[in-house]
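>>> okay, sequence plus prediction incoming.
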Amino acid sequence: MQSEPGNPPRFRICFVCTGNICRSPMAEVVLKSLADRAGLGDRLDIDSAATGDWHVGEQADLRTIAALERHGYDGTQHRAQQFDASGFGELDLVVAFDRSQARILRNWAPTERDHAKVRMMLSFDPELAPLQDVPDPYYSDDAMFDRVLGMIERSSLALFRQLAPALRQGTR
């Protein structure tokens, strides 16, 4: 957690998928919305990134933006970036969407403590956790983008419910 003088520390989360144009921007937008609606947006630093560099600087996939819009979110400001493993120490939580990404992130983690920060997105929702992976909708249709967004909304809500009590108290 980072803190500014006189303010409680901020909890720092980075969502990481393959290209940072579909799943991770969805999660970033959804969790920011949940935090803002609860009046806790100033207690979280939420970001997203990619394991690869193919889309750096691009906006989210247009189907991602459309799915977010259909569900009442705005994803138009997103710009893709690659995850920088040197920033592990500044993060409290690094969330992956499939086992391949989690494996990459854990391999990049410079310490055991950083390794332990890597969690799977679906692990926060007990009903979705057995699925392990959030499917990549990139090669699919609008219905799959909506399905993936639904999974991300459920998992983000479960994650936020775990974080909110500590955020309200100003503790970790």
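Thanks, I have the structure now.
>>> low-confidence ranges in the protein?
Applying pLDDT under 70 to the chain flags residues 1-6, 171-172.
>>> and the helices in it?
Ranges of helices in the chain, per DSSP state H, are 23-37, 62-70, 99-108, 112-116, 142-169.
>>> just send those helices back as JSON lines, with mean neighbour count and distance to Gln132 too.
Where you see a C-beta, it was placed from the backbone N, CA and C, and this is true even at glycine. Output for the helices of the chain, formatted as JSON lines (neighbours: other Cβ atoms under 10 Å; distance: least, Cβ to Cβ, whole Å):
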{"stretch": "helix 23-37", "mean neighbour count": "24", "distance to Gln132": "14"}
{"stretch": "helix 62-70", "mean neighbour count": "18", "distance to Gln132": "22"}
{"stretch": "helix 99-108", "mean neighbour count": "17", "distance to Gln132": "6"}
{"stretch": "helix 112-116", "mean neighbour count": "12", "distance to Gln132": "18"}
{"stretch": "helix 142-169", "mean neighbour count": "18", "distance to Gln132": "11"}
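>>> these: which one's closest to Phe83?
Closest to Phe83 of the helices of the chain is helix 99-108 (Cβ to Cβ; 7.2 Å).
>>> list of residues touching the closest one?
16-18, 51, 83, 85, 88, 94, 96, 115, 118-120, 132-133 (Cβ atoms under 8 Å, 6 or more residues apart in numbering).
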